[in-house]
Structures are given as structure tokens and as C-alpha cells.
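Peer 1: Kindly return the folded structure for what I paste below:
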Amino acid sequence: MTRVAQLHHFVEFLQREGASVVTTELALRWATAATSATPATWASRLGNVRRFAMWLSATDPRTEVPPSGLLPYRYRRQPPYVYSDEEIERIVCEATRLPSPSGMRAKTYATLFGLLAATGLRLGESART
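Peer 2: Numbering: from 1, shown residues only. Predicted structure coming up:
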């Protein structure tokens with residue numbers, strides 16, 4: 001969901017609550033209301049509201065800006081999986097068996113996987129070359 005869409009949802013929440021001003025309590029309650037969301041999502045939602053509240057506080061001094069670090073969780077990227085030489089060999093070998101009406105699919109994918117493994121390119125980088 002985009003930041004703008006999140007802010008629209010937050011404003012709708014404020015309206016349902018009958019609130020005429022942004023408070024830290026309301027912002028925190030809204031940010032953590034999505035029970036199926038991860039703590040990283042909660043922190044992101046609160047961060048978006050916090051930026052909005054900072055902007056709004058310039059024209060409405062009643063606006064409370066939630067303190068930074070209230071939901072300090074940050075997304076931590078998982079370490080990449082590094083394929084072994086044997087796994088790469090099996091993938092390229094299996095790619096050569098792909099069915100294709102013109103016979104090019106197997107050669108294309110075997111070449112592509114070999115290129116990715118040999119150069120370290122990401123898939124999107126190989127497609128732009």
C-alpha cells in the first residue's frame with residue numbers, strides 16, 4: 001500500500017474516532033491495528049503518520065507528533081542463499097530439458113542460468129543488457 005493510501009486510511013480512522021486532532025495515542029492505535037501485519041509494517045505505518053503529523057503541526061499546533069523510535073522495528077533483509085556448484089550444475093542441466101516448440105527455451109534458460117551464476121548478475125540486470 002502506498003504512503004498516500006495509508007494516510008487516507010489514517011484520516012478515515014480519525015474521522016471514525018471523531019478526532020479533530022492527531023494524537024500519539026491515536027497514531028499508535030491505528031499503526032498497530034492491523035493484527036496480521038508484522039512489527040516492521042507497524043513501524044512503517046507509524047513513520048508515515050509521524051511525517052504527516054510533523055507537516056500538519058506547522059499549521060495546527062494541537063497536533064502531537066509521535067516520538068521517533070516508538071515502534072523501533074526495522075525490516076532486516078535475510079542473507080542471500082548462495083548456490084553450491086553442484087546445485088548450479090543441476091539447475092543448468094534441468095534447464096536444458098525444458099520443452100519448447102522452437103527448441104530455444106532450453107538453450108536460452110541454460111545460458112541465462114549459467115550467465116547469472118558465472119557473473120553474479122541479478123536477473124533484472126541480465127535482461128537489460
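Peer 1: In the chain, where is pLDDT below threshold?
Peer 2: Within the chain, the segments meeting pLDDT under 70 span 129.
Peer 1: ok, 80 please
Peer 2: With pLDDT under 80 as the threshold, the chain has low-confidence stretches at 1, 74-76, 127-129.
Peer 1: so where's the longest helix in it?
Peer 2: Scanning the chain for the longest helix, with DSSP state H as the assignment, gives helix 39-57.
Peer 1: what separates that one from the chain centre, distance-wise?
Peer 2: In terms of Cα atoms, centre = their mean, to the nearest Å, the centre of helix 39-57 is set 16 Å apart from its chain centre.
Peer 1: Over to stretch 4-24?
Peer 2: Chain-centre distance of stretch 4-24: 23 Å, with Cα atoms, centre = their mean.
Peer 1: Same check on stretch 114-129?
Peer 2: The answer for stretch 114-129 is 23 Å, by Cα atoms, centre = their mean.
Peer 1: Check which helices and strands the longest helix of the chain is in contact with.
Peer 2: Packing contacts for helix 39-57, counted by 3 or more Cβ pairs under 8 Å, 6 or more residues apart in numbering; DSSP states H and E, involve helix 3-17, helix 24-31. For glycine as for every other residue, the C-beta is placed from the backbone atoms N, C-alpha and C.
Peer 1: Any chance of CSV for those helices, columns mean neighbour count and distance to A118?
Peer 2: Shown next, in CSV, are the helices and strands packed on helix 39-57 (neighbours: other Cβ atoms under 10 Å; distance: least, Cβ to Cβ, whole Å):
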stretch, mean neighbour count, distance to A118
helix 3-17, 14, 40
helix 24-31, 18, 45
